[in-house]
Every structure is written in C-alpha cells, then in structure tokens.
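1. Please find the sequence and the predicted model below.
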Amino acid sequence: MADTLLKVRGLKIEGRSDETWMPIVNGINFDLCRGEVLGLIGESGAGKSTVGLAAMGFTRDGCRISGGSVEFDGIDLVNAAARTKRDLLGRRIAYVAQSAAASFNPAHRLIDQHTEAPVQHGVMPRSESESDGIELYRKLRLPNPNEIGFRYPHQVSGGQLQRAMTAMAMSCRPDLIVFDEPTTALDVTTQIEVLASIRKIVEEFDTAAIYITHDLAVVAQMADKIKVLLKGDEVEEADTREMLSNPKESYTKSLWAVRSFKRPQKPAVQTASVPVVSVQNVTAAYGKVPVLHNVSFDMHAGRTVAVVGESGSGKSTVARCITGLLPPTQGQIELDGVPLPSDYRKRDKSQLRQAQMIYQMADTALNPRKTIGELIGRPVQFYMGLTGSERRKRVEQLLEEIELEPSQYYNRLPSELSGGQKQRVGIARALAAEPKFIICDEVTSALDQLVAEGILKLLARLQDELNLTYMFITHDLATVRSIADEVVVMKEGRVVEQGLKEEMFRPPHRPYTDLLLSSVPEMDPDWLTNLLKDRGVDNIGDAALDKMENESPG
Amino acid sequence: MASILKIIAQRLALGALTMFVVSVVIFTAVNLLPGDFAQAILGQGATPEAVDAIRRDLGLDQPPITRYLDWLAGALQGDLGNSFAQANFAAFVGSDAGSGLSSVAGQIAPRFENTIFLAGVTALFAVPVSLTLGILAALYRNSIFDRATNILTLSSISSPEFFLAYILILFLAVMNPILPSLSNIYEGMGFGERFTKTLLPALTLTLVVTAHMMRMTRAAIINLLASPYIEMAQLKGISPLRIIVKHALPNALAPIINVVALNLAYLITGVVVVEVVFVYPGIGQLFVDSVKIRDIPVVQACCLIFAGAYILLNLTADVLSILSNPRLRHPK
Amino acid sequence: MSNLMLFVAAIIGVLGGGWVFRFLGRTFTGNKPYFRDMGLGVAFGYVLGALLLIWLIWAYGQSHSSDLATANKFFFLGKAVEGFFLFAAAAWVFRLFGRYVGPDGSRKIFRSMPLTASFGVLTILIYAFVAIFAAWLAPYGQEEILSSANIVPGGNPTVGGNPEFPLGTDQIGRDIMSRLIFGAQNTVGIAFATTCLAFFIGGSLGFLAATLQGWLDQVLSRGVDVLMAIPSLIFALLLMTIASAWAGSEKGLLTYYMILIIAVIDSTRVFRLARAVGLNIVVMDYIEAAKLRGEGLSYLIFREILPNAYAPLLAEFGLRFCFVFLTIASLSFLGVGIQPPTADWGTMVRDLAQFINFAGFAPQVASAPLLAAGAIALLTVAVNFVVDWMLQKSSGLKE
C-alpha cells in the first residue's frame, strides 16, 4: 500500500465527570494509508466518535487526550499549536457529522457554508469554489444541483443535507475525512442513496476516510478494513472480508451472530378463527391533518404481526388508535370480536388489561422515582387485586420470567439498570396485567444489537409459553425477519401490502415493498456494488420513490 | 414573507388584547375600594351635598361599565382624569377642577420624560457592558474570571435595590464626593448637569440590570456554543473570531434581543425604589407618593403606563426575534 | 479630557503588562501550550486582576492606618474584606465539619459542594435559628423604647457608644440589635409564609392544568398571561393601596392582606413553572402507561408526576423566596409593607437611611442602616448560591 497518512499510537482519552477525570479510551493504535477507508465499529459507549474526533486532533469540551500520539502526515496533532491544527482542519482533514440538520448553521445558505473553508484557507477563490460546489452537488446526485446550494438548511431534506455536508467536506479536497455515523438518523431507502454517493466520491478523489458506525452491514459496504471497539478498548482489526468471514475474538463473533436469530414461520391461521385484535377500516387524523387512511388488518392468537414502514408512515399512529389514545374518525377496533370503545377513558378495566404496551425508550417508560418492585407491583395490585406478600410473590415470579434475579433487583431504581434490563422491566410490567395482546413499539431500536437480540429471544419465549399476540412496530427489517409471522407494510398512512412473512420476503413484490427490502444493507461486502449494478443508480432511494409516485398517482 | 407578516400581525393583535384586558383588571381592582372616591377625598366630616357634588363631578354616579368606557376613551386620547390631591385642593379653593395643573396627564408627562431619561442612561451603560461581560464569561467559562463574575453578579442580583443604592451613595457621594446623592431635577436644566445628577441612580440600576442581563447572555451564548454547527465550524478550521462573528452572532441575535428587552422591562420595576432613594422626580416616585395618599386616578394611570411599557417591550422582543429567525424569514 | 487620556494610557499600560507577562510565561515554561496559545486578552485579564488585588491589599492596609481620617476613608472597605474572609473561613470550616460528621448521605453531599454553596447553607441555617429563637436571643423587646437615640454600634464608650446596646439604639431609642433579631422572625417568617402560599396556589393549579389540559389549562394560562403583563411590584403597590383602604386603622390586618396579595401575584410565576415542569413529565411514556392502565387523576398527580417534579420545584422555591423577600423588603422600604412598630428590616433601612451622610467623619454611625440592608442581602445571596449550585448539579446530571 501507499505511504501512511495517519498514525495513531496508544491513544488515551479521559472525560470529566463529577470533578474527576475518567478514562473513555484506553490506548488505541491504528494506521491509515492514503485512499484507505477504516471502519470503526462498536456499540454505544465504545468511544468510537471520541476516537474519530481525536484523529483530527480535536476533543470535545470536558474531554482531553491524556496519552499517546496522533500523527497526521508527520505532524503531531496532540502537541501541535492551535494555529497549526486550524490550518489543517477543513483543508486537509474534514468532518461529516451525524446530524446534518443540526450541523449546518441555520443562518447561512448551504453554498456560503460550502465555500467558507476553501476561501478562509486560501485554497480557491469564492467564485471557483462555488462552481466547484455545484459540480460536487451534481456528482452526489442532489436534485437541482445548480440551485440547491442557494437554499437554507431547513429548506432541504435530511438525506440531501447529509450529501451536501459530504460535498462541503470535499470542498478543499482533503486527504482525510472522518464520517461520524452519517446515515444513522436516516430511513433505509434514504440511507442507501447517501451510502452510494459517499462511496463514489471517496473513491473518485482517492480520499482516506474513517467511517464510524454501529451498523455492521453498513461498514461492510464502506470500509477497506474494520476495527472493533468495546468500552474504549480495541478488540480486533482486520481487512473487511477477513473480518466478516473469519472473526477471531469472541466479542466480534457474537456481534456477527446477532443477525442469525430467526424464528420458524408459524402456519397460516384458519380463516374462521376470531382474531384477538382486528383493526377495521381505521381512518385517523391529528387535528385536521389526516394520518391514517382506511387501515385494516387482523392479529391472531399466538402470532407476531410486524407493522413496518419508514418514519411518517403512520405505524405508531395505528398503535395509538388501538390503545384508544387517538380515537379514530372512522372505523373500529375489535377485541375478541367485540368492538372496543374508541376512547381509552371509556374502556373498562378488563378491556384495558387485555392490551398492554412496551415502549421504545425504556428510560421514559419507567417512572425514575419508583423501584422495580413498585413498577411491576402496581399493575399486579391494580388489575389482580393482590397486596402484601402475595403481590411481592407475583412480582418476584415476573422478575424470574424476565431473567432478573428478584432479590437483587426488587428494590432498585430504573437508573441503576442497564438499557436492556430496563426494557425487560417494561416487559414484566406488561406481563403483570396478564394480557392477551401486547404492542411492542420499536422495542429494540434504542438498544445495542447484542442486547436487542436478548430481548427478541425473551419475547419469543414468552409468546410460546403464554400464547401472546404481538403487534411489532419497527422500521428494522432485520428484526422483522427474525421474529414476525405476518407482515403489514405501511406507507403514508396506508397499508401497502400484507401477508405471511415467508411470502413477503420472496419475490415478486409490490414496488414499494421491493424498494424497502432491497435497501436493507446486508453483511456481504459486495452487496451495495451488486445492488447498484442490478438496479442502477436511478432506482434506489428518493429517486426511486419519486418514480413510483409518478407511475401510480394516489 | 406573507407568513411572517401574519405572525407579526397576530402578535401585535395579541399585545393590544392583553393591554385591553390589563386595563380592565386595573379598573376593576380600583373599583374594589370600599365606599367611593368622593367619600375618600372629603373624609368623614363632609356634608352629603359636597360628597354628591364631587361624585357628580367625577362621574361616580354612573354604572361601572360606563365609567370604564369613559376612562378608556379618555386614556386613549391622553386624558387620564383628574388627580384627587389636586381635586381636593380645588374643592377647597373652589376653583375649576378641570384646569391644567390638576389633570393626571399634566402631572405625569414631565415625570414620565424624566423616567425615560433615567432608563435611557441606564440602558446606555448596562447593555454594552453586560453583553460584553456575558460573552466573555461564556467564552472563558469555568475560568477564574467566569467564577468571580458569577459570584459578583449573583450577589448583585440578590441585593435589594436600596442596598446597592446606599452603598453607591456611601462610596461615591459621601466618602468620595464625586456625584450628588440627591437627584433634584427641574425643568430647563442643562443637559450636562441633568446627566450628572442622573448618574448615581442610573449606576444603581445598571448594577442590578447588568447582573441579570450578563447572566442571561452568558447562558444563551453557552447554549449556542454547544450547538453542533459551532463544532462543525471549529472542525472546518475557522478562526475563533470568525466563528463568533459569522456563526454564533447571527443565531445569538434572537436570544440577545430577548435578554435586553426582558431586562429593560425589569428596569420598570427597579425604577420605583431607586427613584424614591434618590428623590428622583420620575413616575416611580409619583406612583409611590400617590399610593401613600391613595390618589386613585394617578395610581391607576401610572399602573397603566408601567404595564403598557412592559407589554410593549415584550412585544418588541417577540417581533424582533421572529424577524431574526432564518427559519421564519425564509420559509420552505 | 485629561481623565480620558489617563484612562486610555492605563489600558495601554496594562495591555503592555499583559504582553510582557505572556512573553515571560513562554520563556520560562519552555513554550508550554497554555502560554503558547494564550490570547493577549487573557493575559490582559490576568494583569488587571493582579493589579486589582494589589490595590485591595493596599487599601486594606490603609483602613488600619493610624491616621484617623485615612482609616475612616477605608473603614467600609476594610470591614468588607474582613467580612469576606470571615465568611469564607466559616464556610470552609462548616464544609469540613459536614464532610466528617453526620449520616452518609449528607457527607456525600458535602464532599461535592463548592464553597459558595456551603456558605449559603450555613447562612440559611443561622438565619433559621435566629428567626425561630428570636424571643430568647434578643436582649430587649422589639417595641421597647429604651433610651435616647444613639446609633453608634460597637458599644465602645470612647467613640460615643453605649455598652448596654451593642449595636446602638435607633432614632426613637429602641435597641437596634433586638430589632434586627426580631426582624429575622418577622421579615423572613412573613416571606416564607407568603412563598409557601404562592407555591400552594400556583403549584396545584399548574399541575392540574398540565395534567388535564383542555379548556381549564387555556383559561388559567391566559389569566396568568394577563396578570404577568403587569410588573409585579407595580401590581403589588396598586393592590396594597386598595388593601390599606380595606384595612383602615387596623394595621395588623394589612400584613395579612400583603401576604395574600404577594402570594397571588407570585403564584402566577409558580404556575408557569409548575405547568411547564408538569407538561414535560406528562408527555413521558410512563404517564401514558399509567393512563392506559386506567389510573385516576389523583394517582397520576401525586404518585407519578409530583415525585419527578421535586428537584426543579425546590430550586424554584429558593428563587421565589428571594423574590418575595425582596418585594416585601421593598414595599416596607417604601412604607406600604409591614407596618410599624413591628420590627422589619425594610422599614429599618428607611428609618435609619439619613445617618448614611455621617459616613465621612463617623463611619460607625453610617453602618446602622447598612446593617439592616446587609441582613436582607446576605440571606438572598445565600439562598441564591444554594439554588445556583442545585441547578448546576441537576443540569450536570442530564448531560
């Protein structure tokens, strides 16, 4: 390979908490050659963003580099003068942030922010940089490249902003770009487009890059080599193909194995059986804004129905209609064949008890001032009328169900639990009501993959034991693949397609479902290349969505 | 652009409505007084005829709604009614109650001007000083400078205005006679002399307002400096000065305008106590004097003026921060 | 004009000093990053700070000068410096004490406490003690007229003091120290009661509005908007005018009216906060979960919302107390608040204010009105320090 551009040795970083310095990163080493892309992956708290910034010689407020060296093209960034670092940043090292919407200054137009670095660093004059920017916008396949730069950030969509930020990072033709989870906040169909353009431009200009993400499938498409981090320590580093096919460390292996959990498909239900919950022709609106249009589907005992769709598709609104928080304007919800009152305040205790909910954010779903025993004990007492030692016994039984040691956790507060444990408590609280039907609203999307897998397995086991019916709201098709029996695909408040999982993941598809399914990155490092070859660059992402809309109006 | 005009029009209408409701509240409050004004003016020993005469004179025999509408109509034309103190005096000498001196408006106008002058001088000192200090404290946060200003401003905010006033008098008027401790301002005074006499009350108010304004500016700027786009600018290698001027300031405008307006509104309250300490002939002093002798029309009018200024300042802040918001200036 | 020139020259001088300071720093530390990346403005700040410190030390020396005129000139400055160090030392000792004595929880709190906060806690405790035991602590009654006016504090007969009255007697011969002690009971007690009332009214309505929303929230919020459009001191003065007419000759009644008036005016601010805090909690999923469980309103407010609102409410209580306390002091100072002969700090400042003019030749005499005003300031400073610390702590936890 070519000469080494970036050399990181024994990098240690500390963060300030409660008046003392705590280690965040404990000694990381890596080399990066010109034109090479390094993928940094790890779960939350692994310190990957901190390392990425430190590779630019930058630390956030409350952090400091406490040891080791970062050498960029022979310049020691840890000890360099502020002026020296400023000269490098933007010109030779650039950054692409996670949230483009927050990282563009709302007060200036995109092109003004694009040309700032080149003009300030004296790389090129403004007019030249401006036309170069338009050229980059064209290369990144932004719509109306001649005109989009003259808009303000809030006038441009998230996926487009992310590409505009990549263009901005390219404005001085840097040697190194740090991408900090650039697609995490995007929907899958948008993400693929951004991935394709980032990869294209990095290859075209032969720029070295550090690509930070928690998503293995994404990093497999982008990186030449991968480095795995865990709680500030490095686990292992290898070439992408080597790492994917032959991980050495057990932590890496477990990360890789996550995606292999898959439940067998249950047979189709008999048409005569009464569904546990039936959503019938539901139309709903927030105030005057219509959100759902004539949505119907059934959920049968012991089955998991996955409701999938991108943000704004109305999948969570369906849940609000079922629970009665948002009474539908038309249509009705039936429980065991009996229509439910549309407003939850009009439902009786047993109706409320039958349908329980598990939330996405366990942090906000559990009252932080109550102990685990109180949290789970309340529905036990409220619905079952158990008090005193009977109540305690039942709570302990539930804690055992969710695999938490009762004596250890009964008196703890939610803040003393990890994210996965909190989610388990949320499940126990739902189980305490002894319901037939549970709505799981994106229950795994806030969790790291290993933890999420544990939750999915727990839910599967409980379903088998208690014959529960799940409505599984998610945007993550991998989750659907592992747990669902039936799938309902939603788009803009309408059901686009529904059916058994096996059928859904097998062609032929409706165009939208096909787009959605094909946009989910796979662990194969050639996946993106093959997809682009198969479909063409005009048949992915927003471009494909636009086409679809033109072909089938309404 | 149309939408922003609509939002501003809505705010203005809301301000006018608030003003109207406030005037109703003030009028109703005053009407809660036991007995009526006429009795209060003349005292217990007055003959029923005299009371009736005054009552008719002041329109007190009308129902409350009519009186309110009359008062409001008058107030809108700048006629705030007649002062009791003066009416009382007029009743004794038997002269016409409607002559120039006794009208509330005539009494308030010169004092109002004095108060505006005082507030203006204060703002002249306070706004630039506190904005500079606030921005400095935000830039060098957690430094010794920041901690020291934090302690000083907290102490200044916590002290009652009269405490600060007497300390300033002590050091700047009594122990080191640099400035006059009494602000006896009269008409036709030269600007220089007037300015000197206003200086001590203005300094007192500056101390109070600066502390508030500085802390709020600091908080707003720190909040702003934590935004990802500031970090982005740093990572683009932009110089610190340019980051402040180009990236922070345009977005800081709205919060800073808010801070300034809020504190100018705060001045309105502070002015009352400070004017009393320095015997400054402003509207606050008049207000307190009228409260003591229960000169209801004056109290009512002063209240209306204070509330009006308060609402106007808040409204200005609202409108200006809407105008400085790029999201509203450049709709999708 | 020459003053202006002098000022500019001084600035340039300090700036030059800053440059030299930075240059020396760079030379002697071998160009350490701290000095290398130091802006000239920062260096200027250091030099200016050092100069101020030197002046302060010089001025303190002057206050102990044998020349009486010079000593008098720097009398207050000297006392301020002494007071500052006295309080700082007391706060330090108090914190040290707290770190090693008491239950585990409080010891942990003291360990992370800044000096300002421990000063605040200590001061609040002392005030509470004095206020509660005023009747036992005060040497004389608050309304007793004992001797002729002799406001020289210190009780030193050589400068005209009377040892029987350690802080002197006021303009009509009442013991100033006793009145200060009773003032703690009256002023602080009334302010405390008022704040509690304001919290009761504003807090309960605010949480109710946040939980129920709908028309009740609309009505209450618009009403509060209107009341808040009138500056609070002005509104209080207006209502006090009316109240004083109602109270007539019964001055004691006026105090109750005042508590009610200020509590109502202040409850609008509490309402705003409680509603905002409540709304933040109400959107949490655990509230939704409780609603869907079928829980009633009282369970929602008392068991789910309130336990999560304590921290911001406690901080707000401190701030509101300061505000109420200052408002009452201002009203009394203006002569429409707590009525004589009840001892009250605001009234005392007003009554003794004239003596400030003696400061030039008899600084002890001038300190009498400042004592009462200082007593007010000290308590609010203390409360504000504690609140500031609490707010910083809770915002630090969020990150």
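-> Thanks, I have the structure now. Residues are numbered from 1 along each chain as shown, chains lettered A, B, ... in the order given.
2. what does the stretch 201-350 of chain C put close to chain A?
-> C:284-286, C:288-289, C:291-295, C:304, C:307-308 (C-beta under 8 Å from any C-beta of the partner chain). For glycine as for every other residue, the C-beta is placed from the backbone atoms N, C-alpha and C.
3. export those to a markdown table and tack on neighbour count, secondary structure and distance to A:V537?
-> Formatted as a markdown table, those follow (neighbours: other C-beta atoms under 10 Å in any protein chain shown; DSSP: H, G, I helix; E, B strand; the rest coil; distance: C-beta to C-beta, whole Å):
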| residue | neighbour count | secondary structure | distance to A:V537 |
| --- | --- | --- | --- |
| C:M284 | 21 | coil | 44 |
| C:D285 | 20 | helix | 41 |
| C:Y286 | 24 | helix | 46 |
| C:E288 | 19 | helix | 43 |
| C:A289 | 26 | helix | 46 |
| C:K291 | 19 | helix | 48 |
| C:L292 | 18 | helix | 46 |
| C:R293 | 21 | helix | 51 |
| C:G294 | 19 | coil | 54 |
| C:E295 | 17 | coil | 54 |
| C:E304 | 23 | helix | 52 |
| C:P307 | 13 | helix | 55 |
| C:N308 | 19 | helix | 50 |
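4. do the host helix or strand of C:G98 and chain B meet?
-> Using DSSP states H and E, C:G98 sits in helix C:75-100. Yes - using C-beta under 8 Å from any C-beta, helix C:75-100 reaches chain B at C:F76.
5. same for that helix, what does it pack against?
-> helix C:40-63, helix C:104-111, helix C:115-132, helix C:363-398 (3 or more C-beta pairs under 8 Å, 6 or more residues apart in numbering or on different chains; DSSP states H and E).
6. wait, which of the ones you listed is closest to chain A?
-> Among the helices and strands packed on helix C:75-100, helix C:363-398 comes nearest to chain A, with 8.1 Å by C-beta to the nearest C-beta.
7. list the buried ones in that closest one?
-> Residues C:363-391, C:393 are the ones in helix C:363-398 that count as buried (16 or more other C-beta atoms under 10 Å in any protein chain shown).
8. Check stretch C:100-109 too.
-> Buried residues in stretch C:100-109, counted by 16+ other C-beta under 10 Å: C:I109.
9. and the residue of the stretch 151-300 of chain C found nearest chain A, what does it touch?
-> For the stretch 151-300 of chain C and chain A, the shortest gap (C-beta to the nearest C-beta) falls at C:D285, measuring 4.0 Å. Shown in contact with C:D285 (C-beta atoms under 8 Å, 6 or more residues apart in numbering or on different chains): A:359, A:361, A:364-365.
10. Out of these, which two sit at the greatest distance?
-> The two members of the contacts of C:D285 with the most space between them (C-beta to C-beta) are A:Y359 and A:T364, at 7.1 Å.
11. Between those two, point out the one with more neighbours.
-> In this view A:Y359 and A:T364 are compared by other C-beta atoms under 10 Å in any protein chain shown, and A:Y359 has more residues nearby, 23 against 17.
12. what does chain A put close to chain C?
-> Of all the residues in chain A, those lying near chain C are A:18-19, A:79, A:81-82, A:323-325, A:344, A:347, A:349, A:352, A:357, A:359, A:361, A:364-370, A:378-379, A:382-383, A:429, A:433, going by C-beta under 8 Å from any C-beta.
13. List buried residues within these.
-> By neighbour count, with 16+ other C-beta under 10 Å, the residues of chain A next to chain C hold A:323-325, A:344, A:347, A:352, A:357, A:359, A:361, A:364-367, A:369-370, A:378-379, A:382-383, A:429, A:433 as buried.
14. where are the low-confidence patches of chain C?
-> Applying pLDDT under 70 to chain C flags residues C:1, C:146-163, C:395-399.
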